[in-house]
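Colleague: just to be clear, the model below is a prediction. Sequence and coordinates:
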Amino acid sequence: MTTSQSDAIFSALADPTRRAILSLIGEHEELTAGEIAAHFDSLGRTAVSSHLRILRLAGLVAERRDGRFRHYSVTPTPADAVVAFLTSVYQNSLEQLASAVQDASAAGDTPLDRTEERSA
């Protein structure tokens, strides 16, 4: 994944409305723009279409035309790339946390023990 691709994905996902649209599409195999707009009282079709365009350009949704209708579905590849990116960023921290938990467990130390010490 290139920097511009990841920027487009994270920019698209930064908007709560687009995340809600993506989640809605993910709950179904495919939805038309009209079906998506029907789920949002505060959004018109034009706004939904604008959000769908951003999601499509980021590669998060695919568009299939059928006559005058456009059907949208979630594309998994960008999500896989986002998960891989976040995993790589946090992998070292997660490994350090796992090691600290193992060390504490081996020493007989538990988080509850430390909480009790702080409150005493």
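Modeller: That came through fine.
Colleague: and this protein, what are its domains?
Modeller: 3-75, 78-119 (automatic domain parsing).
Colleague: between the ones you listed, which gets the lowest average pLDDT?
Modeller: If the domains of the chain are sorted by mean pLDDT, domain 78-119 sits at the bottom with a mean of 74.
Colleague: where do the strands sit along the chain?
Modeller: Taking DSSP state E, the strands of the chain run over residues 31-32, 61-66, 69-74.
Colleague: next, format those as JSON lines and append distance to residue 9 and mean neighbour count.
Modeller: (Each C-beta comes from the backbone N, C-alpha and C, glycine too.) Formatted as JSON lines, the strands of the chain follow (distance: least, Cβ to Cβ, whole Å; neighbours: other Cβ atoms under 10 Å):
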{"stretch": "strand 31-32", "distance to residue 9": "20", "mean neighbour count": "19"}
{"stretch": "strand 61-66", "distance to residue 9": "12", "mean neighbour count": "14"}
{"stretch": "strand 69-74", "distance to residue 9": "13", "mean neighbour count": "17"}
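Colleague: scan this structure for its longest helix.
Modeller: Secondary structure of the chain per DSSP state H: the longest helix is helix 76-106.
Colleague: and that helix, how far from the chain's centre?
Modeller: Distance of helix 76-106 from the chain centroid (Cα atoms, centre = their mean, to the nearest Å) equals 17 Å.
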